[in-house]
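In: Dropping the sequence and predicted coords here.
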Amino acid sequence: MTTLDQIAGKIIKEQELIIGPVAWYEAKKVRGIHVIDQGSGTISIENGNAPDVINGLVMKYEDLFGRASREVCRDAAAKLLGGLTPSEVPSSLR
Amino acid sequence: MPPMNEDETKLIRESLYKQNLELARLYKKVDELNHELETANEGQADLLHIINHQIKGYMTKARYVFDALLNEPEYGPVPEAAKDIIGQGYNSVTEGVNFVQDFLTSSNIERGTYTYQMEPVDMKAVAEQASLAQEQSAKDKGLGYELRIGEGDYNMNGDKQQLSQAVRNLIDNSIKYTPTGSLQVSLEHNGNKILFKVKDTGVGISDELKPKLFTKGGRDKDSQKININSTGFGLAFVKGVAEAHKGRVWAESAGVNQGSTFYMELPVK
């Protein structure tokens, strides 16, 4: 599992704490997100550029729930961003 | 009411999200505080345990001194006038040692660090012996006391010392919380279970107390008005002992001032 896979899983789990199962329902609609295990929050990013897929996930939540949801995504990912080079960090999380 | 447009529903969605976010943050904070509290409680329990060990050491030594003064010839004869006060000192310190020992045993049982000495035990003999001492306490208080033991085999495998203490605690608890009236203590053998029961005409159990009755420190807000030595450990100890023998404890009461019945059920095999 890559760092970006872990970031996607962390974001969805954090959103789940706030909006419940809707977080997973909406995440599954994002192109490139493949849920391996919902319980543990294990995600695999497939078919596409991983940072773009994360941007798509963040935008999905922001479209639905506004600016506050983007901050939640950033907070959720913050600790894992250190494992990425600056160019790998998705623009939505900068 | 006209249907809401997309902007209005988005506004409501965002507003609900913010509220949920606030709740989630509060929940997280409460969870963290709970964790801190648990850690602090554990630390306090450890400290209490160490202090009680120390106190037990000092008291045991004091008991030895009183005992030596009374019984060891090398210290010379005790003046007649001092015998009573030294005897009172010895008894008081002995009570203190037993009290601290109960606390430590109860605490060890709760921590899972107590090692039970399992051996064949005759629960009938245990109940009779415990009853003998407690009956006097009940009578000294002016309470009626009756022990009934049904027909049957009361042999089981268990820790005799701790089972005896559990039986004593149950009777003692009823004596302390029964200002007037009587106690009926009974032992029955039903199928493959032994049921020890204490029925009293005492202060009863409030609905508030029922869920915490057998927990450590689980006593009523008025408990110490009735029993000044109430520690809230006696019944928690009984529960720990019963469960270590794969048994269970419970209590029934119609409410405050309606009397109570305490049960300890133990499997024979």
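Out: That came through, no problem. Only a predicted model underlies this, so the values are computations on that prediction, with no experimental measurement involved. Residues are numbered from 1 along each chain as shown, chains lettered A, B, ... in the order given.
In: Quick check: pLDDT value at residue 83.
Out: Picked chain A for this. A:G83 is assigned a predicted lDDT (pLDDT) of 86.
In: let's do chain B instead
Out: The pLDDT attached to B:K83 in the predicted structure is 89.
In: How about B:V126?
Out: pLDDT, the model's per-residue confidence, is 94 for B:V126.
In: likewise B:I228?
Out: At B:I228, the model reports a pLDDT of 49.
In: do B:G232 as well
Out: The predicted local confidence for B:G232 comes out at a pLDDT of 63.
In: Give me every residue in chain B lying close to chain A.
Out: Counting by C-beta under 8 Å from any C-beta of the partner chain, chain B comes close to chain A at B:10, B:13-14, B:17-18, B:20-21, B:24, B:27-28. Where C-beta positions appear, they are placed from N, C-alpha and C, glycine not excepted.
In: Helices of chain A, residue ranges please.
Out: If you assign secondary structure with DSSP state H, the helices in chain A sit at A:3-19, A:22-27, A:50-65, A:67-77.
In: Highest mean neighbour count out of these?
Out: Sort the helices of chain A by mean neighbour count, taking mean count of other C-beta atoms under 10 Å in any protein chain shown, and helix A:3-19 sits at the top with a mean of 22.
In: who touches the residue lying closest to A:E62 once chain neighbours are set aside in this structure?
Out: Closest residue in space to A:E62, ignoring its immediate chain neighbours: A:R70 at 4.8 Å, by C-beta to C-beta, 6 or more residues apart in numbering or on different chains. For A:R70, the contacting residues are A:58, A:61-62, A:92, taking C-beta atoms under 8 Å, 6 or more residues apart in numbering or on different chains as the criterion.
In: and the longest helix for chain B?
Out: Within chain B, and with DSSP H defining each element, the longest helix by residue count is helix B:6-71.
In: how big is the angle separating that helix from helix A:50-65?
Out: 100 degrees (axes from the mean of the first three to the mean of the last three C-alpha atoms, to 10 degrees).
In: elements contacting helix B:6-71?
Out: Helix B:6-71 sits against helix A:3-19, helix A:50-65, helix A:67-77, helix B:80-111, with contacts defined as 3 or more C-beta pairs under 8 Å, 6 or more residues apart in numbering or on different chains; DSSP states H and E.
In: Would you double-check that B:Y263 falls in a strand?
Out: Yes - B:Y263 sits within a strand when classified using DSSP: H, G, I helix; E, B strand; the rest coil.
In: and it, what is it in contact with?
Out: With contact set as C-beta under 8 Å, 6+ apart, B:Y263 has these partners: B:195-197, B:249-252.
In: let's see it at 7 Å
Out: B:Y263 makes contact with B:195, B:197, B:249-251 under the criterion C-beta atoms under 7 Å, 6 or more residues apart in numbering or on different chains.
In: One more: A:I54?
Out: A:I54 makes contact with A:4, A:7-8, A:90, A:92-93, according to C-beta under 7 Å, 6+ apart.
In: 10 Å - rerun?
Out: A:4-5, A:7-8, A:11, A:30, A:32-33, A:45, A:73, A:77, A:89-93 (C-beta atoms under 10 Å, 6 or more residues apart in numbering or on different chains).
In: just B:E128 next, same as before
Out: Neighbour list for B:E128: B:122, B:147, B:149, B:154, B:167, B:187 [criterion: C-beta under 10 Å, 6+ apart].
In: Done for today, thanks.
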